[in-house]
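Asks: Pasting a predicted model and its sequence here:
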Amino acid sequence: MTTLTFNKKELEEKIGKIDDNIKNKIDMFGTPIDGETEDELTIEVFPNRPDLLSLQGFSRAFNRFMGGNVDSNYIAEKPENDFKVIIDKSVKKVRPFTSCAIVKGLKFDDDTINEVIEIQEKLHGSYGRNRKKLAIGIYPLEQIKLPIKFLAKKPDEIVFQPLEFPKEINARQILSQHPTGMEYGDLLKDCEEYPIFEDSNGEILSMPPIINSHKTGKITHNTTDVFIECSGFNKEYLDKTLNMIVCALADLGGKIYQMNVKDEVDGSFVSPNLENEKMKLDADYINKNLGLELSKDEIVELLNKMGIETRDDEVLIPAYRTDILHDIDLVEDVAIAYGYDNFKPEIPDISTVGQEDKMSIFKKKIAEVLIGLGLTEISSYHLSTKEKQFKNIGVRNFVDKMIEVLDSKTENNILRDSLFANSIAILSENSDASYPQKIFELGKVFSLDEKSETGIGESEHLGVSLCYEGANFTDLKQMLDYLMRMFDLNYEIEETEQDGFIDGRCGKIIVEGKNVGVIGEVSPFVLRNNKIKMPCVSMELNVGKLY
């Protein structure tokens, strides 16, 4: 969780005197108090509520929770003539997307400048995964000549004075000499060209995700209007982040303006879009999950306390709320507004004796064997991306077996159908770590299944990958031999071909006439594509067929 520290005096100006009752309400709001001094109050913010990572966002939501009449709707004015951003095709291989806005009429002093920096850094660190997923730039409009271009150039061609640095240097020098460049330089280490924002005078605004220009990227007390950009790899993710920032700046007294964004590859759009998203209100679903008998009017009132308005049978989700993805998220908001302390515990009418699931016991035994062989257990997400799950491991035909999440709000929009892809992704992320790397994972994979009630079948799999100099088929087969002996299973290997593996060095694992998995040496294409520096061998077993 992310912690957020407020100046008590500033917070009290927003939410009123902080007494014991208010402290209890802050805890019940789902942002438990983590620490307190005479002048400061620190709260914890769960990752699903990045809109609370600022004084403005927290006070807006908390005042509504306490029954205050706080408007959760924000308006963006239409773009003025020169409010334009051009996304050049050169940047598409490096950092393909950006969402932008202009906010006018702000008044900056030391405190508000620090607040804006705090908003940026909290979103960078949590929602942006330390700038891996997105980077945010805020610039003084008085130093910029519109329109703005987002493009990529060779590092030696990029020369500007980075923020709080005494002189102009080129992009390579920024990564090796500037503190921020040294901290985040790994994010650009494999790029032949680096992304930059540039105004119509040719002045560089920034080199995301690293650093702003000292000349065109530093807010001062004289700044009243700002240009904001979020750049990264998932447009919807960037749109949501931009919405959170501009709404916080609007709470500081600013007026939001849209920009015309011309994407030379993916088409033009207007940014930001602050319209409410809509979901159907299902009172029965909410009551069933909470064990309550609330009327529709009561549910509407509780959702209103959480900043969510309703119209007829529709729920209107504010533009800055990124966490409402499913009806169950509305259930959580109703529970918070109702008050967890108001739920009455009940003893079930039926008495049962529980025992550990036998499949779980079997998986534990497998894990114990592999840990004993010196492997490290990993755990990855069920949701993945097309790139990680298929393209990065050389799977050519995947459309027919792909299970997509409807209206996904994040880049992770498909269910994984193997553990092999996840292990390759983890080895890729750790390519600069020490070797040997020996990992395994036990977890669910998903496939289309017409016989299943949901149309999706689930099965328990084991994935194992060894990565080090000299890793080969024999090394992994010896581990497979030992594993099968431990569970008194006989098996044989039949040569096969499979995407992601070297032809002639890959085989099906057969147990009692059933195909239960695959083992093989990972192809050089997959290693290069994922920037893995050592040979790798992998296997995957359907544990359910062994049990």
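Replies: Cool, the structure landed.

Asks: Can you give me the neighbour number for the closest residue to E10 other than its chain neighbours?
Replies: Excluding the flanking residues, the one nearest E10 by Cβ to Cβ, 6 or more residues apart in numbering is L55, at 6.3 Å. Where you see a C-beta, it was placed from the backbone N, CA and C, and this is true even at glycine. For L55, the neighbour count with other Cβ atoms under 10 Å is 23.

Asks: Equivalent analysis for I361, please.
Replies: Neighbourhood size, I361 [other Cβ under 10 Å]: 11.

Asks: Same check on D19?
Replies: Residues lying near D19 (other Cβ under 10 Å) number 9.

Asks: Ramachandran coordinates for it?
Replies: phi -100, psi -170 (degrees, to the nearest 10).

Asks: residues in contact with E36?
Replies: Contacts of E36 were listed using Cβ atoms under 8 Å, 6 or more residues apart in numbering, and they are T42.

Asks: mind redoing it with 10 Å?
Replies: E36 makes contacts with 5, 8, 18, 23, 42-43, as judged by Cβ atoms under 10 Å, 6 or more residues apart in numbering.

Asks: The residue nearest to E10 and G128: what is the separation?
Replies: Separation of L55 from G128 (Cβ to Cβ, to the nearest Å): 19 Å.

Asks: One more: F420?
Replies: Between F420 and G128 the distance is 28 Å, computed by Cβ to Cβ.

Asks: Would you check that K477 makes contact with M539?
Replies: Yes: counting by Cβ atoms under 10 Å, M539 is a contact partner of K477 at 8.6 Å.

Asks: Looking at those two now, which is surrounded by more residues?
Replies: More crowded of K477 and M539, by other Cβ under 10 Å: M539, with 26 against 16.

Asks: For that one, identify the helix or strand it belongs to.
Replies: According to DSSP states H and E, M539 maps onto strand 536-542.

Asks: Kindly report the same for E497.
Replies: Counting by DSSP H and E, E497 is part of no helix or strand.

Asks: Now do the contacts for the residue nearest to E10.
Replies: Contacts for L55 (Cβ under 10 Å, 6+ apart) come out as 4, 6-7, 10-11, 13-15, 111, 115, 118-119, 248, 251-252.

Asks: Next: G202.
Replies: When contacts are taken as Cβ under 10 Å, 6+ apart, G202 is in contact with 145, 149.

Asks: can I assume D481 is in contact with D475?
Replies: No: using Cβ under 10 Å, D481 is not in contact with D475, being 11.1 Å away.

Asks: For the two, work out which one has more neighbours and name it.
Replies: Each of D481 and D475 has its neighbours counted (other Cβ under 10 Å); D475 has more, 16 against 11.

Asks: Please tell me how far E453 sits from K401.
Replies: As judged by Cβ to Cβ, E453 and K401 stand 19 Å apart.

Asks: Go through the contacts of L55 and flag which are in helices.
Replies: Judged by DSSP state H, the contacts of L55 include 10-11, 13-15, 111, 115, 118-119, 248, 251 as members of helices.

Asks: sorry, back to before: so what sits against both of K477 and M539?
Replies: Joint contacts of K477 and M539 (Cβ under 10 Å, 6+ apart) are 507, 509, 519.

Asks: what is the first one paired to in the beta sheet?
Replies: Here G507 shows beta-bridge partners E495, I519, assigned using DSSP bridges.

Asks: Name the residues of the stretch of helix or strand I136 belongs to that come out as buried.
Replies: Secondary structure from DSSP H and E places I136 in strand 134-140. Within strand 134-140, the residues scored as buried using 16 or more other Cβ atoms under 10 Å are 134-140.

Asks: Could you do stretch 89-104 as well?
Replies: For stretch 89-104, a neighbour-count test (16+ other Cβ under 10 Å) marks 91-92, 94-103 as buried.

Asks: now do stretch 498-513
Replies: Neighbour counts over stretch 498-513 (16+ other Cβ under 10 Å) mark 498-502, 506-509, 511 as buried.
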